[in-house]
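In: Next input, structure requested:
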Amino acid sequence: MTEEKLTKFEKARIIGSRALQIAMGAPFLVNLEKEDLEKVRYSPIEIAKLELAKGLVPIAIRRKLPVAD
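Out: Residues are numbered from 1 along each chain as shown. Just a heads-up that it's a prediction; the model follows:
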């Protein structure tokens, strides 16, 4: 069993991957009004951070576990 908490490296990878998807035209998974988009300055990275904070990012992490002898 692994922890449910993401490491800072996993968070960075997820945010970067999702921000790239958003920049390439993927739809937002969080509802944002025009004021909200202006607040985050239309930044794909900030939108990806909002999605991650709400648990809406469709990216899974697979961790390799050590082999028990």
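In: For the helix or strand containing residue 11, list every residue counted as buried.
Out: For residue 11, the element it lies in under DSSP states H and E is helix 8-23. If you call a residue buried by 16 or more other Cβ atoms under 10 Å, then helix 8-23 has these buried ones: 14-15, 18-19, 21-22. Using the backbone N, CA and C atoms, a C-beta is placed for each residue, glycine as well.
In: Quick check: which ranges of the chain have low pLDDT?
Out: 1-3 (pLDDT under 70).
In: Which parts of it are helices?
Out: 8-23, 34-39, 44-54 (DSSP state H).
In: Pipe these into a markdown table and attach distance to residue 62 per row.
Out: As requested, these are arranged in a markdown table below (distance: least, Cβ to Cβ, whole Å):
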| stretch | distance to residue 62 |
| --- | --- |
| helix 8-23 | 10 |
| helix 34-39 | 32 |
| helix 44-54 | 17 |
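In: And for residue 65, the neighbour number?
Out: Using other Cβ atoms under 10 Å, residue 65 has 8 other residues around it.
In: can you give me phi and psi for it?
Out: Taking degrees, to the nearest 10, you get phi -90, psi 150 for the backbone angles of residue 65.
In: Also residue 60?
Out: Torsion angles, degrees, to the nearest 10, at residue 60: phi -110, psi 150.
In: and the helix holding residue 11 with helix 44-54, angle?
Out: Calculated by axes from the mean of the first three to the mean of the last three Cα atoms, to 10 degrees, helix 8-23 forms an angle of 120 degrees with helix 44-54.
In: Pull out the CA atoms of helix 8-23 and give them to me as PDB.
Out: Listed next in PDB are the C-alpha coordinates belonging to helix 8-23 (Å, rounded to 0.1, in the frame of the first residue of the first chain):
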ATOM      1  CA  LYS A   8       6.200  17.500  -4.800                       C
ATOM      2  CA  PHE A   9       7.700  15.800  -7.800                       C
ATOM      3  CA  GLU A  10       4.500  14.000  -8.700                       C
ATOM      4  CA  LYS A  11       2.500  17.200  -8.200                       C
ATOM      5  CA  ALA A  12       4.900  19.000 -10.600                       C
ATOM      6  CA  ARG A  13       4.600  16.300 -13.200                       C
ATOM      7  CA  ILE A  14       0.800  16.200 -13.000                       C
ATOM      8  CA  ILE A  15       0.500  20.000 -13.200                       C
ATOM      9  CA  GLY A  16       2.900  20.200 -16.100                       C
ATOM     10  CA  SER A  17       1.200  17.500 -18.000                       C
ATOM     11  CA  ARG A  18      -2.300  18.900 -17.500                       C
ATOM     12  CA  ALA A  19      -1.100  22.500 -18.200                       C
ATOM     13  CA  LEU A  20       0.200  21.200 -21.600                       C
ATOM     14  CA  GLN A  21      -3.100  19.600 -22.300                       C
ATOM     15  CA  ILE A  22      -5.000  22.800 -21.500                       C
ATOM     16  CA  ALA A  23      -2.600  24.900 -23.600                       C
END
